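S.K.: compute the structure for the input listed below.
(chains A, B, C and D)
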There are 2 protein chains.
Amino acid sequence: MAREAIDECGVNLVDPDKVDLVRRALPSDHDIAELADVFSLLGDPGRLRLLTSLLEGGELCVCDLAATTAMSESAVSHALRLLRAHRVVSVSRRGRMAYYRLDDAHVRMLLDLGLTHTGHTIAVHPERTDSAQKDNVR
Amino acid sequence: MAREAIDECGVNLVDPDKVDLVRRALPSDHDIAELADVFSLLGDPGRLRLLTSLLEGGELCVCDLAATTAMSESAVSHALRLLRAHRVVSVSRRGRMAYYRLDDAHVRMLLDLGLTHTGHTIAVHPERTDSAQKDNVR
DNA sequence: CCTACATATGAATAAATGTTCAGATGTCAG
DNA sequence: CTGACATCTGAACATTTATTCATATGTAGG
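M.R.: Predicted coordinates:
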């Protein structure tokens, strides 16, 4: 018979030892929330195009970002504000323009890793081989 | 004066060359959507705890997952369904129990990279990475 | 100053999302 | 068969979230 035990909260567990082990290994609620936030930021197509654009282009102004992402300038501005609040992008203003750039190494790596495995698209720093043009997946 | 140009859609651009370059480098809409989906899946604290538990524990049943994640069993089940639909986790049923495990190398890497940079928590056992969990089911 | 322009912001709307509750399915023990 | 148990599912609900529209801020040039 499978051994069963009681959690401190009164819940039945199947493998209490493993549960305990896992519990101890899990990040704190705060860290989990923070990480979830980061992933969430990357979890929107618009922001993802935005960030990928910055990853590629290095530094772009709002109107150019609107062009590369096919979003309205207002939507871009809102999105950038969010990303700015999370320190994912940074701005430098010159004249009436605002130039944004990716400014978070962690996010850059996640983006990079994500892009590497999605649709075989070579989006990052490789040589300019325009081989991968059509990606119809699968 | 900054040179300006007209996009095919009739939008004013500041650096049309760079815009074009970035545009070409961006993944297809489909790939972007897919990647956003993956990040989105990781963007919820509950699912993140769920996946981290599986990353740590290797294989756990629903009730134990409910314990490690502090979610109701129903919430866990719903979340697992979503993850299952995206092939991120897989199930093996034994008796009336359902044992889940992480079954997506891409997600495993993203998780790993994410955890590495969040709160210094060392969550992964290097020696166990992906070869030690090779008992396939079904 | 005044106009044109780039970007930012707030409020409102619409859509997607996570959780809970109640009940369904399927499995094991007696 | 029957009752207990683990998990699954659907519907309802509450929240969050992204977009749009209108307007504000701020800069440059005439």
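S.K.: CA atoms for contacts and neighbours, from now on please.
M.R.: OK.
S.K.: where does the closest residue to A:Asp37 other than its chain neighbours land on pLDDT?
M.R.: Nearest residue to A:Asp37, sequence neighbours excluded (CA to CA, 6 or more residues apart in numbering or on different chains): B:Gly43, at 6.2 Å. Listed pLDDT for B:Gly43 reads 97.
S.K.: next: A:His117.
M.R.: For A:His117, the predicted pLDDT is 87.
S.K.: and A:Val76, what element?
M.R.: helix A:73-85 (DSSP states H and E).
S.K.: right, is that helix up against chain B?
M.R.: No: if you take CA under 8 Å from any CA of the partner chain as the test, helix A:73-85 misses chain B, and the best it gets is 10.6 Å.
S.K.: give the contact list for the residue sitting nearest the centre point of chain A.
M.R.: When CA atoms, centre = their mean is applied to chain A, the residue found nearest the centroid is A:Leu42 (2.8 Å). Contacts for A:Leu42 (CA atoms under 8 Å, 6 or more residues apart in numbering or on different chains) come out as A:48, A:111, B:36, B:39-40.
S.K.: how near is it to DNA strand C?
M.R.: 13 Å (CA to the nearest atom of the strand, to the nearest Å).
S.K.: how many neighbours does A:Ala105 have?
M.R.: For A:Ala105, the neighbour count with other CA atoms under 10 Å in any protein chain shown is 11.
S.K.: again, but for the one 4 residues further on
M.R.: Taking other CA under 10 Å as the criterion, the count of residues near A:Met109 is 14.
S.K.: how about the one 5 residues further on?
M.R.: Using other CA under 10 Å as the criterion, A:Gly114 is surrounded by 21 other residues.
S.K.: packing partners of the host helix or strand of it?
M.R.: Following DSSP H and E, one finds A:Gly114 within helix A:105-117. Where contact means 3 or more CA pairs under 8 Å, 6 or more residues apart in numbering or on different chains; DSSP states H and E, helix A:105-117 is packed against helix B:105-117.
S.K.: and the helix it packs on, what's buried?
M.R.: Using 16 or more other CA atoms under 10 Å in any protein chain shown as the test for burial, helix B:105-117 gives B:106-108, B:110-115.
S.K.: now, which of the residues you listed sits nearest DNA strand D?
M.R.: The closest of the buried residues of helix B:105-117 to DNA strand D turns out to be B:Gly114 (CA to the nearest atom of the strand; 18.3 Å).
S.K.: excluding chain neighbours, what is closest to that closest one?
M.R.: Nearest to B:Gly114 is A:Leu35, by CA to CA, 6+ apart, at 6.8 Å.
S.K.: what's the angle from the one helix or strand that neighbour maps to to helix B:29-42?
M.R.: Assigned by DSSP H and E, A:Leu35 belongs to helix A:29-42. Helix A:29-42 runs at 170 degrees relative to helix B:29-42, counting by axes from the mean of the first three to the mean of the last three CA atoms, to 10 degrees.
S.K.: how far off centre is helix A:29-42?
M.R.: 10 Å (CA atoms, centre = their mean, to the nearest Å).
S.K.: what parts of chain A come near DNA strand C?
M.R.: Counting by CA under 7 Å from any atom of the strand, chain A comes close to DNA strand C at A:1, A:61-64, A:73-75, A:77-78, A:80-81, A:91, A:96-99.
S.K.: ok, now with 10 Å
M.R.: Counting by CA under 10 Å from any atom of the strand, chain A comes close to DNA strand C at A:1-2, A:40, A:43-44, A:60-66, A:72-82, A:84-85, A:90-100.
S.K.: can you classify A:Arg87 as helix, strand or coil?
M.R.: When classified by DSSP: H, G, I helix; E, B strand; the rest coil, A:Arg87 comes out as coil.
S.K.: dihedrals phi and psi, A:Asp44?
M.R.: Reported as degrees, to the nearest 10, the phi and psi values for A:Asp44 are phi -120, psi 130.
S.K.: perfect, I'm done here.
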